[in-house]
Each structure stands twice: as structure tokens, then as C-alpha cells.
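>>> generate a structure from the sequence data that follows.
(chains A and B)
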Amino acid sequence: MSDSSLRGRSLRGRSLQGSRAFLGLVKRDLVLAFRTPGQTLNPVAFYLMVASLFPLGIAPEKELLSQLAGGIVWIGALLAVLLSLDSLFRSDQEDGSLDQLLLSPHPLPLLVLAKMSAHWLTTGVALIVMAPLLALMLHLPTQAFPALMLSLLLGTPLMSLAGGIGAALTVRVQRGGILLTLLSLPLYIPVLIFGTGAVQSAVEGMPYSGHLLWIAALLMLGLCLAPLAIAASLRIVAD
Amino acid sequence: MNWTFFHKLGSPKWFYEISGKWLPWLAILAALLMATGLIWGLMFTPPDYLQGNSYRIIFLHVPTAFLASAIYVMMASAGVVTLVWKMKLADMALKCCAPIGASFCLLALISGAIWGKPTWGTWWVWDARLTSMLILLFLYMGVIALRGAIRNVNTAAKACAILTLVGVVNIPIIKFSVQWWNTLHQGATLKLTEKPSMAPEMLWPLLISIAAFYLFFTVVLILRLRTEILDRERRTKWVHKIVLTRLGN
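Have a look, this model is predicted:
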């Protein structure tokens, strides 16, 4: 067998291992999430409560609420993601599996992407599934439902990725929760602006694809750069 | 080309010595320019045909807003240097820039609000430029808070460098916000590539006060950096020597 074909095979073998490690990590995190359903359900319950505070706190009138609904659902989702981020790396750090990830021969950004995917599957998807119910409770006009769902579909993974950077930087900080909030919220504001902008345009019966394309562009940027930044942050704070 | 000068700048000791010589001259120049720009701008320029005298806050607002984003870009460059070449001085600069940048950002927001009241009839609007400047202030606060939360100096240095680099995404948003979203904030007055849209008798004091604020920033940064250098190098002989001679006097 020639040298180059051997190298080709070993390279292929490594990338196969990489994808296996990726899927393995996603599966592990999903299993962990399903075994401790409280951790997954808490952000969703929080989401529901935040959204129901608005009608109680402002006014239960239908016209007012239908104006505010898009923003309320988005802010609720944002806070719920933020709440769930604190435990993203912390439990791994506590039981030592974070150090195992750092020591693993697989590229760390890939593993980080796996963790972020699992995080989105357990929180982001749950928030998206809950969104129509909240929108209905808050009298969001039906023509805005597609815009709300699509903007959340693009926006929640971006919030996981951007917040992951803050979570990684604060993983070894004692009581880093409030610091995590301070670091992550500025990164969330652009997503929030475009997300609520899309819903608002749809409520007014105007085209909203421009806003969605902006979130999609930011998501692409986040998918490319955030795993690198998270991996670098994890290595730095592990020193 | 001889690069020794540039390389020496990376050494805290050399920087401490040379900046001590620069500092008085820079301070004098900054004070002179600041006085010229502000007195000329605030007292001798003609009132604007549209905004009357209220536009005069431009001589404070534009330089601070310029600096608020310029300092962030500078911090990000220092962050790259910290991560790639691991220069101590770059991290010290990053640390010292953060509170100065935050102050300029706050000053730009406040002077903008004061300007907004007579011209727009409101202190604050959720306009794209204003909101992105507010995010910049939050980013500065995040960097300062992260620095405070991590004990280990080296870890804090790298973590802050990463956070600063992530926040750079916001800078083009601030820059182009007035073009992308056609909202209340007026477009750019000064452009490098085009002829300025201002009358020269207003433009000159503005340019002078921008230069003055940049110099003022440099002076404040050097003062902070010198303290930081003495603090971090406190175990070295040359710092002991300086302290001893100071105490002797």
C-alpha cells in the first residue's frame, strides 16, 4: 500500500472519529438532560412565568398585548436561555468531565459545537415549541406567527452560541451567574432587535425577510467563530 | 528598517522611562489644543443656521464618541497582541483602556442626550446609533467586571482579550448604524474620502478638539499605565530603585 493512500485512510479515520465524538457528546448531553428533566423544564417554566408577568404587570387589554406580544415572547426566550447557560459547563467542570474534554485528542471547537448543539436541542427547541402557546395567550395577530417561529428558529441557536462564550469565560468564577449575564446580554441585543423587528413587521403586514436574513447572517458568523472563541476561553480559564 | 525602537516599546521598564519624558510635553500640548479647540468652538464660531447655538456641544460630543469606539478598537488590537505575542504591556494597556473608554462612552451618551433635548425634543430615543453606543458601554463594563472576577493575572489577561475580540462585532454596527437604519441620528459629518459638509470655520475647531481629546486620552492612558507597570513589576529591582529614590527625596 502506498504512503499517500495510508495517510488518506488515517485522515479519513480521524474525521470519522471526530464525527463519532461529536455525536457521542451530543447523545451524552441529551441523555443527561433527559435523566434530570428539572434542568430542562425549569427554563421552560421560567419562560411561561415571565411571559405571564407582563399581562399582570402592564395591562390585560387585548390591543395593548397584541402590540407587545412579539417583544415579550422574545425577551422571555432570551432570559430563559440565559438562565440555562449557567449550568452549561459548570456541571461538567464540577464532575471533572470538562478536563476530559480539554484533554481529548479531538479538536476542541468541534466538541464545543457538540455541546452547544445539545444545549440548543434541550432549551432552544423547547422554547420554540412553547412560543405559539405564549403568542396565543398574548393575542399576537396570527399573521405574525410564521415570523415569530422563524425568527426564534434562527435566533435561539445564536443565543446559545453567543452565551456560550460568557459561560466558558465564567465557568471557574465563583458565583459567576451575574457576571455571565453582564457578559452575554450585550451580545444578545442585536438578535433581539432583529427578532422583534421581524415580528413587528409581520404584525404591520410588511415583509420581514430582511430581518430574518440579518439573524441568519449573524447565525452563520456565530457558527463559524463562537466555537473557536468558546474553545479558546475554556483552555484559558483551565490554566 | 531598524525595529529596535518598536521592540523596546514592549518592555515595561523602557516604556516607563521613555513615557516619563514624553508625558509633560504631551500634557502641555493636550491642554493647549483643548483650550484652543473648545474656546474657539464654544465662543467664536458662528451659530448654526438650523440649530442656533445648541450645535456647539458637537465640540464635546463628536470627539468623545470618536474616542469611545476608537479605544475599543485599540483594546481589541491589544487583545490580539496579548493572545498572539503574549506581551505584558499590551495586556496592561487593555486593562487601563477599559475604564477610560467606558468614561468616554458615557460622556458621549450624556452629551448626546443633552444635545438631543433641544434638537429632537427628547433626551433619549431607541435609535440604532444610540442603542449600539449603549451596547458599547455594556461591553466595556463586561470587560472591567471580568477582569475583576478572575484572580490570576495571566488568566484574566487572556480571558479579557477574548471577550474584547468577541465584542468587536459591535463596532461596525455603530459605524454603519446611521446608514443602515435611517433613523433620528444624523449622518456622519466628517468623512475621510469626501469633502466635509461643514463650514470651515466650524470644521477647524472641531478637528482641533478631536486632536485634543485624542492627546488627552493618551496622557490619561500613560498615567494609568505607569501606575499599572509599577504595580505589576513591583518585585523587580528597577521598581525598587525608583521607589527608594522617590522616598529619599
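>>> and stretch B:57-75 with chain A, contact?
No: remark: stretch B:57-75 sits outside contact range of chain A, by CB under 8 Å from any CB of the partner chain, the gap being at least 11.7 Å. All C-beta atoms are positioned from the backbone trio N, CA, C, and that covers glycine.
>>> show me what counts as buried in that stretch.
Neighbour counts over stretch B:57-75 (16 or more other CB atoms under 10 Å in any protein chain shown) mark B:57-72, B:74-75 as buried.
>>> sitting in helices, which of the residues you listed do you find?
Per DSSP state H, helices hold the following members of the buried residues of stretch B:57-75: B:58-72, B:74-75.
>>> who touches stretch A:77-86?
For stretch A:77-86, contacts defined as CB atoms under 8 Å, 6 or more residues apart in numbering or on different chains pick out A:39, A:42-44, A:46-47, A:50, A:119, A:122-124, A:127, A:131, A:152, A:155-156, A:159-160, A:163-164, A:166-167, A:176-177, A:180-181, A:184-185, A:188, A:191-192.
>>> and what of stretch B:30-50?
Stretch B:30-50 has contacts (CB under 8 Å, 6+ apart) with B:53-56, B:58-60, B:199, B:201-202, B:204-213, B:215-216, B:218-219.
>>> now swap in stretch B:242-249 and tell me
The contact list for stretch B:242-249, computed with CB under 8 Å, 6+ apart, reads B:Leu230.
>>> mind listing what's buried in it?
For stretch B:242-249, the neighbour count (16+ other CB under 10 Å) marks B:Ile242 as buried.
>>> and what of stretch B:153-169?
Buried positions in stretch B:153-169, judged by neighbour count with 16+ other CB under 10 Å: B:155-169.
>>> what's the lowest-pLDDT member of those residues?
The lowest pLDDT within the buried residues of stretch B:153-169 belongs to B:Val169, with 83.
>>> that one reaches A:Ala217, doesn't it?
No: if you go by CB atoms under 8 Å, B:Val169 and A:Ala217 don't touch, sitting 11.4 Å apart.
>>> per-residue confidence for the closest residue to B:Gly10 other than its chain neighbours?
Nearest in space to B:Gly10, with sequence neighbours left out and distances taken as CB to CB, 6 or more residues apart in numbering or on different chains, is B:Met87 at 4.9 Å. Here, the pLDDT recorded for B:Met87 equals 87.
>>> repeat that for B:Trp25.
Looking at B:Trp25, its pLDDT stands at 93.
>>> and it, how far from B:Tyr214?
Between B:Trp25 and B:Tyr214 the distance is 15 Å, computed by CB to CB, to the nearest Å.
>>> those two: which is more packed in?
The neighbour comparison of B:Trp25 against B:Tyr214 (other CB atoms under 10 Å in any protein chain shown) goes to B:Tyr214, with 17 against 10.
>>> now, the buried residues of stretch B:153-169 that are in helices?
B:155-167.
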